[in-house]
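Peer 1: Curious how this folds, go ahead:
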Amino acid sequence: MKKALFPTPQDAEAAFYDAFTKSDLEAMMAVWADDDDIYCVHPQGARVAGVERVRESWRQVFAGGQTLRFQLRDQHYVRGMMLSVNSVYEHITIPGESRSRAPMIATNIYLRTERGWRMVAHHASPAPAVPSGAPERRREPKTLH
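Peer 2: Now for the predicted structure:
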């Protein structure tokens with residue numbers, strides 16, 4: 001499978017969550033860099049590093065067969081010429097379930113490569129409880145020079 005070109009970190013992030021929603025392993029791995037230094041930490045899981053271990057971790061996640069819907073909130077970006085660090089709150093729903101899931105905080109790191117932006121790290125963990133009525137924030141990207 002030929003990897004798509006992601007001209008911006010936002011394009012790579014959109015493709016990541018699209019692949020996640022569709023449980024599409026090949027589309028998911030098309031977002032990741034082809035580098036054994038990549039790593040992934042799923043909620044309450046151990047860190048897995050390297051292309052094959054990251055692929056296997058996503059295969060296991062997708063094997064559960066659940067369809068997940070993501071709403072990203074309180075997005076915070078720190079961007080440089082070659083690296084983008086994106087921190088988001090993932091509000092996850094499962095179609096057919098009446099109650100919503102507790103949000104996750106995810107940090108997604110993208111590296112600019114010769115073939116566009118690629119994910120090099122994903123770390124998700126349960127978010128602490130937020131008081132009801134707390135304001136949502138969306139911060140514009142901070143560019144590093």
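Peer 1: Lowest mean pLDDT among the helices and strands of this structure, which one is it?
Peer 2: strand 142-143 (a mean of 57; mean pLDDT, DSSP states H and E).
Peer 1: all helices for this protein, in order.
Peer 2: With DSSP state H, the ranges of helices along the chain come out as 9-22, 25-31, 51-63.
Peer 1: quick one: which of those helices is nearest residue 97?
Peer 2: Set against residue 97 and scored by C-beta to C-beta, the helices of the chain come closest in helix 9-22, at 15.2 Å. In this view, the C-beta of every residue, glycine as well, is placed from N, C-alpha and C.
Peer 1: and stretch 10-30, average pLDDT?
Peer 2: For stretch 10-30, the mean pLDDT works out to 96.
Peer 1: Would you mark the buried spots in that stretch?
Peer 2: Within stretch 10-30, the residues that qualify as buried are 10-13, 15-17, 19-20, 23, 25, 27-30, counting by 16 or more other C-beta atoms under 10 Å.
Peer 1: Ok, stretch 56-69 next?
Peer 2: 57-58, 61-62, 68.
Peer 1: now do stretch 27-44
Peer 2: Neighbour counts over stretch 27-44 (16+ other C-beta under 10 Å) mark 27-33, 38-42 as buried.
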